[in-house]
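>>> compute the structure for the input listed below.
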Amino acid sequence: MAVKQGAAAPEFSLMATGGKTISLTDLRGKKVVLYFYPKDDTPGCTKEACNFRDGITAIEKAGAVVLGVSPDDVKSHEKFQAKYKLPFTLLADPDHHTAEAYGVWKEKSMYGRKYMGIERTTFIIDRAGKIASIFEKVKVDGHHEEVLAALAQVA
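Here you go, the predicted model:
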């Protein structure tokens, strides 16, 4: 079931880097950039994370927090975060319940083999917890600039 723009963002509560649990309810009153990515420390995911890292000052100036979500565990996230000095929180979704709730856990295909995985997608959630923007099948190059432009439109 895909999430629609303008709808309430599905609630989640996930283990995060830094040994804490973060839920969407905790973030009410803030704009949230929730980006789903397939796997820590792979080429596209690393580039996407580093682009968000490099644009974090402008994103925070726009009043938003960045959260990255993948099926990797917290230990993997912490290594990835430390290796690339990522200044935002990564959330572990090993059972992919949150990815399923947001409609990004999909059948994928590589070299003719079909498997289930994350389709790279970013959601901007407004201060009231509603989906303000959805970026599907994200192309990493220039993505954080698209997100920044969209954040400017969110109250």
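>>> show me the contact partners of stretch 103-112.
Applying Cβ atoms under 8 Å, 6 or more residues apart in numbering, the contact partners of stretch 103-112 are 1-3, 36, 96, 99, 114-119, 121. In short, each C-beta sits where N, CA and C put it, glycine included.
>>> quick one: that stretch to chain centroid distance?
18 Å (Cα atoms, centre = their mean, to the nearest Å).
>>> buried residues, that stretch. List them.
Neighbour counts using 16 or more other Cβ atoms under 10 Å place G103, V104, W105 of stretch 103-112 among the buried residues.
>>> likewise stretch 137-152?
V138, V140, H143, H144, V147, L148, A150, L151.
>>> in this structure, which spans are strands?
Counting by DSSP state E, one finds strands in the chain at the ranges 13-16, 20-23, 31-36, 64-70, 89-92, 105-110, 113-118, 121-125, 131-135.
>>> partner strands of the fourth one, with direction?
Looking back up the chat, that one is strand 64-70. strand 31-36 (parallel), strand 89-92 (parallel) (DSSP bridges).
>>> the inter-axis angle of the longest one versus strand 105-110?
If I follow you right, that is strand 31-36. Here strand 31-36 points in a direction 40 degrees away from that of strand 105-110 (axes from the mean of the first three to the mean of the last three Cα atoms, to 10 degrees).
>>> before we move on, back to that, go through the strands paired with strand 64-70 and pick out the most buried.
strand 31-36 (a mean of 23; mean count of other Cβ atoms under 10 Å).
>>> follow-up on the earlier one: which one of the contacts of stretch 103-112 is nearest A155?
V3 (19.3 Å; Cβ to Cβ).
>>> in contact with that closest one, which residues are there?
A9, P10, A101, Y102, G103, F123, I131, I134.
>>> try 7 Å
P10, Y102, G103, I131 (Cβ atoms under 7 Å, 6 or more residues apart in numbering).
>>> leaving out sequence neighbours, find the closest residue to the first one.
With sequence-adjacent residues excluded and distances taken as Cβ to Cβ, 6 or more residues apart in numbering, P10 is closest to A101, at 3.9 Å.
>>> thinking that neighbour is in contact with E11, fair?
No. Using Cβ atoms under 7 Å, A101 is not in contact with E11; the gap is 8.2 Å.
>>> need the residues touching each of these two.
Common neighbours of A101 and E11 (Cβ under 7 Å, 6+ apart) do not exist.
>>> these two: who's more crowded?
Between A101 and E11, counted using other Cβ atoms under 10 Å, the more crowded position is A101 (16 against 11).
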